[in-house]
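Asker: just a sequence and a predicted model for now, questions to come.
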Amino acid sequence: MVGDTIKLTVGQALVRYLINQHTEIDGERVPLFAGVFGIFGHGNVTCLSEALEQVQDVLPTWRGQNEQSMALAAIGFGKAKLRRQIMIATTSVGPGATNMVTAAGVAHANRLPVLLISGDTYINRLPDPVLQQVEHYGEPSTTVNDSFRSVSRFWDRIIHPAQIISSLPQAVATMLEPADCGPAFIGLPQDVQEIAYDYPVEFFEETLWTIPRARPDRDQVAAAAALLKIAKKPLIISGGGVRYSGAAEVLADFATARSIPMAETIAGKGAVMHDHSAYVGPLGIEGTDAAKEMAEGADVVIAVGTRLQDFTTGSWTTFNRDTQFININAAGFDARKHRSLPVVGDALECLLDLDAAMGDWTCDPARMTEAQALYANWNAMLDAGQTPTDAAVPSYAQVIAVVNKVATEKDTMVTAAGGLPGETVKNWRVKAPNTFDCEFGFSCMGYEIAGAWGHAMAKDGDGVPIVMVGDGSYMMMNSDIYSSVLSGHKMIVVVCDNGGFGVINRLQTGMGVPGFNNLLKDSRVLNKNNPLHVDFAKHAESMGALSRHCDSLADLEAAMEWAQTTDRTTVISINSDAYTWTPGGADWYVGVPEINERESIREARKGQEAFRAKQRRGV
């Protein structure tokens with residue numbers, strides 16, 4: 001140290017800054033950055049890894065197997081921590097970096113924090129072109145890391161050592177700001193990482209970060225209260241922002257006290273329990289008929305913490321065109337969608353202010369009575385669909401019911417993409433708050449096992465993540481079974497093998513196209529009568545996991561009970577029906593050929609045109 005400065009390389013200074021950032025969770029002071037997922041290559045191994053090695057006791061580095069999956073694990077950790085604690089993922093230059101782009105898209109779409117640090121090519125350009133460099137004629141400063149610009153909330157490339165002094169605090173602030181939350185990307189050229197610089201000691205002072213709670217404008221709250229007071233058939237939509245704000249209990253109490261039925265989005269599922277008195281289930285394409293009917297008749301909708309994705313709105317056909325929206329959101333961009341009356345601010349603060357402004361107003365109790373009757377009918381339908389039959393292979397609903405039965409209140413269900421999101425969103429009966437994670441903002445196949453590794457780290461033995469994954473997603477990304485065994489973070493993985501990409505085959509054939517290239521039997525294979533079958537249990541066992549294959553639902557229940565007692569990641573496989581789906585929910589806007597010789601496609605086109613005629617027009 002010289003005077004009030006300390007001489008460090010850029011890599012060393014970056015790491016020292018990160019380990020001095022803290023936050024509070026439930027009153028306990030903890031590191032803001034809980035650890036690093038890293039795969040080292042020539043872009044980050046000689047400088048950044050040197051700095052990380054020195055602090056591994058306070059900032060542990062976990063070895064990934066795939067750059068995309070380790071970044072997905074970091075995202076799963078951040079989600080499990082309700083965006084209050086963050087993981088880092090670092091890669092080398094070139095394909096190591098671009099492998100993380102998909103994960104950045106997941107974090108961006110779902111508004112989740114993750115710090116991505118990638119090596120970059122040399123600023124001085126003396127050795128150009130270097131290994132893994134993609135050259136751009138006419139734009140020599142462009143590298144593959146520019147591909148992160150479209151999927152990052154904060155993006156920077158450090159080309160001078162002093163730049164991290166301003167860049168890193170801005171990156172952290174972005175990840176913790178509810179309105180801007182998402183991935184932050186830092187590119188570190190190899191020649192910049194090695195440079196030593198005299199950094200001010202103040203840069204490394206311990207900092208305690210808190211997540212800001214923006215309070216709403218009083219006029220916006222007053223306007224929302226005035227609109228809600230004239231509502232005859234209101235409906236609440238609870239989104240992921242409710243969970244991240246910690247507003248679930250307040251929203252549930254508001255719904256109960258005001259006699260307003262409450263639906264939820266996929267990201268919002270888990271804020272209340274399955275049997276809450278105001279709850280009518282998830283809304284939209286993967287939703288309940290009870291929520292759909294409540295939405296179709298609603299005159300005022302209170303959307304809280306949701307970006308109103310098409311799977312929630314039924315591609316904007318679930319509501320009448322004259323339905324009015326009160327949209328509570330930390331992000332003004334989301335709060336103003338579809339001509340909404342915006343209330344911009346933290347969900348908890350907005351709800352408290354709105355509740356105070358409502359006085360003693362309540363909706364006609366008949367509205368809640370109707371909702372509860374519809375939801376009771378829905379649950380009766382679920383019970384019937386989950387009851388075992390003598391079918392050769394069980395349905396998703398039956399498999400989910402068994403897994404749900406054995407899961408404890410502390411276990412977290414994790415899934416993403418394919419047919420399981422819709423089936424779990426409808427069939428999984430949440431037992432405790434924040435124990436459900438369905439990644440469907442980016443619908444990323446491969447998130448399931450990787451994200452659960454992050455959840456297992458976050459849970460730290462307080463319950464286990466239970467992964468439900470299809471054979472298609474399993475084949476796409478499964479190496480973090482090995483990661484979890486290696487690191488000692490247990491998960492239970494249930495592989496539902498329906499012989500291919502079952503749900504996309506459903507969409508394809510439902511729109512009149514013959515089954516093609518989705519199920520294995522419809523794909524170009526050497527032997528159509530006997531396509532190669534993967535033994536998922538043996539495959540998982542080869543990566544160090546414990547495993548069983550089940551031939552029946554009774555086998556599955558026994559295997560799940562056994563899996564709860566094991567000392568490491570345990571994988572259970574079971575064949576499932578590719579053609580049986582839980583009914584209910586809204587329709588979806590999809591492209592169907594405008595002209596075609598097939599009658600089946602022409603009929604599907606007519607159905608889409610009739611569906612689109614119901615769409616609510618907005619911006």
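Answerer: Right, received. Where do you want to start?
Asker: quick one, grab the pLDDT at residue 525.
Answerer: Residue 525 is assigned 82 on the pLDDT scale.
Asker: residue 479 is in contact with residue 68, correct?
Answerer: No - in this structure, residue 68 is not within contact of residue 479 by C-beta atoms under 8 Å, at 10.2 Å. All C-beta atoms are positioned from the backbone trio N, CA, C, and that covers glycine.
Asker: the two: which is more packed in?
Answerer: residue 68 (25 against 16; other C-beta atoms under 10 Å).
Asker: what's around residue 425, how many residues?
Answerer: 26.
Asker: helix, strand, or coil at it?
Answerer: Under DSSP: H, G, I helix; E, B strand; the rest coil, residue 425 falls in the helix class.
Asker: for it, give me its contacts.
Answerer: 266, 269, 282, 286, 287, 438 (C-beta atoms under 8 Å, 6 or more residues apart in numbering).
Asker: return the distance of the third one relative to residue 421.
Answerer: Put plainly, it is residue 282. As judged by C-beta to C-beta, to the nearest Å, residue 282 and residue 421 stand 10 Å apart.
Asker: cool, and the last one?
Answerer: Look at residue 438 and residue 421: by C-beta to C-beta, they are 5 Å apart.
Asker: which of the contacts of residue 425 sits closest to residue 189?
Answerer: residue 438 (38.1 Å; C-beta to C-beta).
Asker: give me the helices and strands touching the helix or strand where residue 224 lies, please.
Answerer: Assigning secondary structure by DSSP states H and E places residue 224 in helix 218-229. With contacts defined as 3 or more C-beta pairs under 8 Å, 6 or more residues apart in numbering; DSSP states H and E, helix 218-229 has these neighbours: strand 300-304, strand 324-329, strand 341-344, helix 347-357.
Asker: ok, residue 329 - contacts?
Answerer: Taking C-beta under 8 Å, 6+ apart, one finds 241, 303, 304, 305, 306, 307, 335, 342, 343, 344, 347 in contact with residue 329.
Asker: out of those residues, which is most surrounded?
Answerer: Most surrounded of the contacts of residue 329: other C-beta under 10 Å gives residue 305, at 33 neighbours.
Asker: what's the nearest residue to that one if we skip its chain neighbours?
Answerer: Leaving aside its chain neighbours, residue 305 sits nearest to residue 241 (2.1 Å; criterion: C-beta to C-beta, 6 or more residues apart in numbering).
Asker: right, and the helix or strand after the helix or strand hosting the one you found?
Answerer: Counting by DSSP H and E, the element that carries residue 241 is helix 240-245. Using DSSP H and E, the helix or strand that follows helix 240-245 in sequence is helix 248-258.
Asker: what comes up buried for that next one?
Answerer: 248, 250, 251, 252, 254, 255, 258 (16 or more other C-beta atoms under 10 Å).
Asker: that older thread, tell me the one of the contacts of residue 329 nearest residue 86?
Answerer: Distances from residue 86 to those, taken by C-beta to C-beta, are shortest for residue 241, at 17.8 Å.
Asker: any weak-confidence spans in this structure?
Answerer: Residue ranges of the chain with pLDDT under 70: 1-3, 618-619.
Asker: just flag the most distant two among the contacts of residue 425.
Answerer: 287 and 438, at 12.5 Å, using C-beta to C-beta across those.
Asker: mind listing what's buried along the longest helix seen in the chain?
Answerer: Secondary structure of the chain per DSSP state H: the longest helix is helix 365-386. For helix 365-386, burial by neighbour count (16+ other C-beta under 10 Å) applies to 367-368, 370-372, 374-375, 378-379, 381-382, 385-386.
Asker: again, but for stretch 223-232
Answerer: Neighbour counts over stretch 223-232 (16+ other C-beta under 10 Å) mark 223, 224, 225, 227, 228, 231 as buried.
Asker: is residue 107 in a helix, a strand, or coil?
Answerer: Relying on three-state DSSP, one would call residue 107 helix.
Asker: count the neighbours of it for me.
Answerer: Quick note: residue 107 (other C-beta under 10 Å) scores 30 neighbours.
Asker: list the contacts for it?
Answerer: By C-beta under 8 Å, 6+ apart, the neighbours of residue 107 are 71, 75, 78, 113, 114, 151, 182, 183.
Asker: give me the buried subset of those residues.
Answerer: 71, 75, 78, 113, 114, 151, 182, 183.
Asker: which of those residues sit farthest apart?
Answerer: Farthest pair in the buried ones among the contacts of residue 107 (C-beta to C-beta) is 78 and 151. Separation: 15.5 Å.
Asker: before we move on, back to that, find residues that contact each of residue 438 and residue 421.
Answerer: By C-beta under 8 Å, 6+ apart, residue 438 and residue 421 have these common neighbours: 266, 415.
Asker: ok, these two, which is more surrounded?
Answerer: Taking other C-beta under 10 Å, residue 438 and residue 421 do not tie; residue 438 has more neighbours (26 against 21).
Asker: next, count neighbours for the nearest residue to residue 304 once chain neighbours are set aside.
Answerer: Among residues not flanking residue 304 along the chain, residue 328 sits closest, at 4.6 Å (C-beta to C-beta, 6+ apart). Using other C-beta under 10 Å, the number of residues around residue 328 comes to 36.
Asker: residue 351 now?
Answerer: 25.
Asker: do the same with residue 362
Answerer: So residue 362, with other C-beta under 10 Å, has 13 neighbours.
Asker: might one say that it is in contact with residue 256?
Answerer: No - counting by C-beta under 8 Å, residue 362 stays clear of residue 256, with 10.1 Å between them.
Asker: mark out where each domain of the protein begins and ends.
Answerer: 5-209, 218-373, 387-575 (automatic domain parsing).
Asker: in TSV, list the ones you listed along with distance to residue 607.
Answerer: Shown next, in TSV, are these (distance: least, C-beta to C-beta, whole Å):
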stretch	distance to residue 607
domain 5-209	28
domain 218-373	12
domain 387-575	9
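Asker: who touches the helix or strand encompassing residue 89?
Answerer: Residue 89 is part of strand 86-91 when elements are defined by DSSP H and E. For strand 86-91, the external contacting residues (C-beta under 8 Å, 6+ apart) are 18, 32-41, 43-44, 48, 52, 64, 67, 70-71, 73-75, 77-78, 97, 99-100, 103, 113-119, 175, 454, 457.
Asker: check stretch 50-57 too.
Answerer: With C-beta under 8 Å, 6+ apart as the criterion, stretch 50-57 contacts 9, 11, 12, 14, 15, 16, 19, 36, 38, 59, 61, 90.
Asker: these two touch, right, residue 337 and residue 308?
Answerer: Yes - Residue 337 is in contact with residue 308 according to C-beta under 8 Å; the separation is 5.6 Å.
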